[in-house]
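The sequence and its predicted three-dimensional model are supplied below.
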Amino acid sequence: GNSVTQMEGPVTLSEEAFLTINCTYTATGYPSLFWYVQYPGEGLQLLLKATKADDKGSNKGFEATYRKETTSFHLEKGSVQVSDSAVYFCALADSWGKLQFGAGTQVVVTP
Amino acid sequence: GAVVSQHPSRVICKSGTSVKIECRSLDFQATTMFWYRQFPKQSLMLMATSNEGSKATYEQGVEKDKFLINHASLTLSTLTVTSAHPEDSSFYICSVRGENSPLHFGNGTRLTVT
């Protein structure tokens, strides 16, 4: 079956540091890939997505590229802010639209 | 503002009792609602998919008689955990999709069964 593996947290870094959260997947067919974010006290929100190989999703300074050859969708941001502190979930959607989530990675950005 | 309201955000109940969790779409008609749960340090796992006016479709391994889902209207779905036990303690979250709208998530419900 489909699965998503992402790096364990928490990831703690200073403001303006570079952030990478690794995400790899196993899937049959051609899934769409997503990053969701959950800020403290709020619901899950879609951060970015990519629907086919080599697509790059981007939003709020975050980027992730759909790499079919390495089955990866790593999330990156060049300069994080305290407001980026949240839990980040990598997910894939199969052809039926069902989402499969990774375990989530907590990111803590300190001033 | 929020487009999905999930209530309650936290609930503590005694073993053997039932708990109802509500998920409401605020700005659109929800044709499909999904219920997920997340155990500590594990993934969000899809429990069931419900379409308005029809029976929910449960994922393998999820007991439909224990986790009752009702999607009686286009704006409300409820998940009832019947005869809850400590192993049902988890984070439950709903997501909602409208006919022409993307997926939106509720804030989740932290259930603790003592």
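Now that the structure is in, tell me what you want to look at.

what's across from the residue nearest to A:L48 when sequence neighbours are not counted in the sheet?
Leaving aside its sequence neighbours, A:L48 sits nearest to A:G57 (C-beta to C-beta, 6 or more residues apart in numbering or on different chains; 3.4 Å). In this view, the C-beta of every residue, glycine as well, is placed from N, C-alpha and C. Bridge pairing for A:G57 (DSSP bridges) gives the partners A:A64.

Just confirm A:G57 contacts A:H74, I think it does.
No. A:G57 lies out of contact with A:H74 (C-beta atoms under 8 Å); the separation is 11.3 Å.

Which residues of chain B lie near chain A?
B:2, B:4, B:6, B:34, B:36, B:38, B:41-46, B:49, B:93, B:95, B:102-108 (C-beta under 8 Å from any C-beta of the partner chain).

6 Å instead, please
Residues of chain B found near chain A (C-beta under 6 Å from any C-beta of the partner chain) are B:Q42, B:S43, B:L44, B:L46, B:F105, B:G106, B:N107.

Contacts made by the helix or strand of chain B with the lowest mean pLDDT with the rest, please.
Lowest on mean pLDDT, DSSP states H and E among the helices and strands of chain B sits strand B:104-105, with a mean of 86. Residues from elsewhere that reach strand B:104-105, judged by C-beta atoms under 6 Å, 6 or more residues apart in numbering or on different chains: A:G43, A:L44, B:V3, B:V4, B:S95, B:V96.

Nearest to A:S14 among these?
A:L44 (26.1 Å; C-beta to C-beta).

what's the closest non-adjacent residue to the closest one?
Nearest one to A:L44, counting by C-beta to C-beta, 6+ apart, is B:F105 at 3.7 Å.

Next to chain B, which bits of chain A? Give me the list.
A:G43, A:L44, A:K98, A:F101, A:G102, A:A103.

Can you select the buried ones from those in PyMOL?
Buried members of those, defined by 16 or more other C-beta atoms under 10 Å in any protein chain shown, are picked up in PyMOL with:
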select buried, chain A and resi 43+44+101+102+103
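
Mind telling me what element the nearest residue to B:C94 once chain neighbours are set aside is part of?
The shortest distance from B:C94 to any non-neighbouring residue, by C-beta to C-beta, 6+ apart, is to B:C23 (3.5 Å). For B:C23, the host element (DSSP states H and E) is strand B:19-25.

Which strands border the very next helix or strand once past that strand, and is each parallel or antiparallel?
Sequence order places strand B:30-38 as the next helix or strand after strand B:19-25, per DSSP H and E. Strand pairing for strand B:30-38, determined by DSSP bridges: strand B:44-51 (antiparallel), strand B:90-98 (antiparallel).
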